[in-house]
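[1] pasting the sequence and the predicted model now:
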Amino acid sequence: MNAKQIYNQTMPFNMAKLVLGLITVGLSLILLAILEGIGWLFGSSGIVVTFFLWLAGAGAIRFFIMHYMGYLVKAGHIAVVTEAVIKGVIPENQVEYGKQKVTERFVTSNAFFVIDNLVTASVRQIQRGIEKMGGALDFIPGIGVITNLAQFFVSISLGYVDECCLGYTFYKKEQGAFESATDGVVIYAQNWKELLKSAVITMIKVLVTLLVLTLLTFLVIGMLFKALHWSTLIAFLIACLIVWVIKFAFIDSYIMINMMTTYMSTAETTEISYDLYDKLCGLSGKFKELFNKAKNESVGSRSSENSFVAQNSQKDTNTKFCGKCGAKNSFETKFCTACGDKI
């Protein structure tokens, strides 16, 4: 399946994101009305103070909703997109499938949140290290200004790379979540130039679209507020919030799916270079933390397996079976309790 087909067929997740975005904006606007009403009682200085209080409050609302609900929707979407890219089909009842895979892989939203943050920080630190070594943007001709502009687009694009790496955790089901996430980052490091080329082109198109969309939205709302003699600043804020909802629900999904289709197809054919792990640990403290968690996870898994084997081995030494009828008897038994034959 190509990116367009996956995007169209995973629309339930986009709609879920739309609902979360509208709830976030609705609560933020209610808070704005309350605080600005209080500020109006104290004059212009009160309005300024309550506006800054609103910015902090709106940030807290967004964090709460995105942390406890948005991350689960995002993870479920990633799980379904991964399945679509690898197997070429959208799972039946995709929302339930996504929820099931997230629960199996991460158990809690906090576990996903930890891995997501470590992967995001690792990718950004590694990219800075690559750029310092030189040649990071040699695929873009031009002088310093052009390079700086390109780095700006690369920086924005990196925000979606973590979703690709997290997609790899659903692809490698036989490994622990931390181990798969670590491998996912290494695969990005091996193929960063190819992945970012397409990402930068996508981001340029998206940013132009967002700029036009913001201006058109502000024009409509601003004219309405102007006719009612209301604040055009508030009109601009509302326009930005509306565009943010559209971006969160539809545009972010479009970018993510485009990058994941490129990443997963690359990951399938990439032979991981194991000498990169030590190098990346040197480039990024967060990657080293992720790598250590992966090692601990692997050791814990082996310990559990060995414990299981040991327990079953111990059980085997405490029992013996009758050679005639096959019945299980305790180790001390001389004659079978089932058929009476001598053991």
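    Yep, that arrived.
[2] CA only for contacts and neighbour counts going forward, please
    Noted.
[3] quick one: the strands in the stretch 151-300 of the chain?
    Per DSSP state E, counting those that start in this stretch, the stretch 151-300 of the chain carries no strands over any range.
[4] can you pull out the helices in this structure?
    Secondary structure of the chain (DSSP state H): helices at 3-9, 11-41, 44-65, 71-87, 94-106, 109-132, 144-171, 177-227, 232-246, 252-269, 276-283, 285-317.
[5] any idea how far the closest residue to residue 246 other than its chain neighbours lies from residue 102?
    Nearest non-adjacent residue to residue 246, counting by CA to CA, 6 or more residues apart in numbering: residue 18, 7.2 Å away. Here residue 18 is placed at a distance of 20 Å from residue 102 (CA to CA, to the nearest Å).
[6] neighbour-wise, which of these two wins?
    residue 102 (23 against 18; other CA atoms under 10 Å).
[7] quick check, the more buried one in contact with residue 76.
    Yes. With contact defined as CA atoms under 8 Å, residue 102 and residue 76 form a contacting pair (6.1 Å).
[8] list the contacts of the residue nearest to residue 53 when sequence neighbours are not counted.
    With sequence-adjacent residues excluded and distances taken as CA to CA, 6+ apart, residue 53 is closest to residue 35, at 7.8 Å. Under the criterion of CA atoms under 8 Å, 6 or more residues apart in numbering, the neighbours of residue 35 are 50-51, 53-54.
[9] closest one of those to residue 4?
    residue 54 (38.3 Å; CA to CA).
[10] let me see the confidence value for residue 104.
    pLDDT for residue 104: 87.
[11] same question, residue 168
    pLDDT, read off for residue 168, is 92.
[12] do residue 109 as well
    Value for residue 109, per-residue pLDDT: 68.
[13] next, count neighbours for residue 212.
    By other CA under 10 Å, neighbour count at residue 212 equals 12.
[14] list the contacts of it.
    Contacts of residue 212 by CA under 8 Å, 6+ apart: none found.
[15] for it, give its distance to residue 159.
    Taking CA to CA, one finds residue 212 at 22 Å from residue 159.
[16] likewise for residue 114?
    16 Å.
[17] looking at it, residue 172 is touching residue 181, isn't it?
    No. At 9.3 Å, residue 172 does not count as touching residue 181 under the criterion of CA under 8 Å.
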